[in-house]
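# Predicted structure and sequence below. I'll ask about it afterward.
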Amino acid sequence: MGDTNWENMPGQMSRETLQATVQALCKLTHNQQRRFAVVLHGGEPLLLGPKNLDFLLSRLRSVLPIEYPLSIQTNGMLITERLLDVCSTYHTSLGVSIDGPKSLHDQYRVGHQGEGTFDKVLAGIGRLRKHKDAEQLFKGLLAVIDPASSPGEVYRFFKSLGAPSIDFLYRDGDHSKLPYGKASFQSTEYGRWLAGLLDIYLADPAPIRIRLLDDMIKLILGGQGTKEGVGNAEFGIVIIDTDGSIRKNDTLKSNFDGADHFAKQWSVHRHGISELTNTREFKKYHSLLRPTASACLSCPELYVCGGGMPVTRWHYSNGYNNPSVYCADQLLLIEHMRKRLTALMAA
């Protein structure tokens, strides 16, 4: 969506950068005194290969106790028994990105020659499920919503894979570049899709966990959510790029070229992460988690909706001072949830 930063980045982290990253995270454990999670993603982190992955995970685990979650988000195509053994050794879970059945997945997730990747992804998931430590390793599935698809077909397919959970994502987009399938700010294509999914979910006596729906239901019932973009939970997120640069959340890249950059060039080769997080600029970036638009601040559903992901609030004319481009979708979904929960509790 216009970001060109990848063109100037190494394809992979060097061992020197991997070691500098480990040292920076080690220092953070002492400075912060609070648990944090580390996620390897990309690109495709399994391109590191077994040796480099073992090098990185062994060193991460040498400074991060087991209660600090380590996970990998992968497209699943490179999953092998050897890679799974490495992950198991260092208590590292895997989430697999797959968007649905073959006809849906292969529309968007293609190889370098434009070929569909579904069969390779499914084979990787099969290896993951058959591994002796599958229960520890298999974190769940990550899927991007296609509002033109059938939520029932997608749900039944995912359930057939035996995954412990699904995390559905809205597509990248903002007020300047509407997401795929969304006709306008007021339209509700994604909200209707998720409302249909909710009906299927609630009717299933043995459902697969859906994190987005679970979190929003918990929030409606007065509990706490754990997912970024809903509720009032706050996350301090930094990205360490392949050259060691420390950036803002990389979802911001889709707003404009360089949206994930800090004004100062921070790097694990020269700086501690706590040095950055104590700066005024980081605090300003962190404040993006909370919406500032008057429509959001006066909305009675803000404590459930959360204002959406910051990336979805962008407009070139006034930055992030807008409701999420998915505002109408969220309100439709929340209203539908309330009706369904009321009916269930009255039954």
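Perfect, thanks for sending it. Just so you know, these numbers come straight off a predicted model, no measurement behind them. Numbering: from 1, shown residues only.
# Going by C-alpha atoms from here, please, whenever you check contacts or count neighbours.
Will do.
# Let me see the ranges of the strands in the stretch 151-300 of the chain.
For the stretch 151-300 of the chain, the strands defined by DSSP state E, counting those that start in this stretch occupy 165-169, 209-210, 239-240, 246-247.
# Figure out which of those strands is closest to residue 273.
Proximity to residue 273 (CA to CA) singles out strand 246-247 among those, at 8.1 Å.
# distance between that closest one and the chain's centre?
Relative to the centre of its chain, strand 246-247 is centred 17 Å away, using CA atoms, centre = their mean, to the nearest Å.
# Residues contacting that strand, please?
Strand 246-247 is contacted by residues 238-241, 260-262, 265-268 when judged by CA atoms under 8 Å, 6 or more residues apart in numbering.
# For the buried ones among those residues, write the corresponding PyMOL selection.
One line in PyMOL is enough to select the buried ones among the contacts of strand 246-247; burial here means 16 or more other CA atoms under 10 Å:
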select buried, resi 238+239+240+241+260+261+262+266+267+268
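# what's the most buried one of the strands of the stretch 151-300 of the chain?
Most buried of the strands of the stretch 151-300 of the chain by mean neighbour count (mean count of other CA atoms under 10 Å) is strand 246-247; its value is a mean of 22.
# Need the max-distance pair from the contacts of strand 246-247.
260 and 268 (16.3 Å).
# I'd say residue 54 and residue 85 touch.
No - when contacts are counted by CA atoms under 8 Å, residue 54 is not listed as touching residue 85 (9.7 Å).
# Can you show me the CA trace of stretch 269-283 as PDB?
In PDB, the C-alpha atoms belonging to stretch 269-283 read as follows (Å, rounded to 0.1, in the frame of the first residue of the first chain):
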ATOM      1  CA  HIS A 269      23.000  -2.100  17.700                       C
ATOM      2  CA  ARG A 270      23.300   1.300  19.500                       C
ATOM      3  CA  HIS A 271      20.300   1.700  21.900                       C
ATOM      4  CA  GLY A 272      18.400   0.000  24.600                       C
ATOM      5  CA  ILE A 273      14.600  -0.500  24.000                       C
ATOM      6  CA  SER A 274      13.900   1.300  27.300                       C
ATOM      7  CA  GLU A 275      15.800   4.300  26.100                       C
ATOM      8  CA  LEU A 276      13.200   4.600  23.300                       C
ATOM      9  CA  THR A 277      10.100   3.800  25.400                       C
ATOM     10  CA  ASN A 278      11.000   6.600  27.900                       C
ATOM     11  CA  THR A 279      11.000   9.300  25.200                       C
ATOM     12  CA  ARG A 280       8.200  11.800  24.600                       C
ATOM     13  CA  GLU A 281       7.900  10.500  21.000                       C
ATOM     14  CA  PHE A 282       7.300   7.000  22.100                       C
ATOM     15  CA  LYS A 283       4.600   8.200  24.500                       C
END
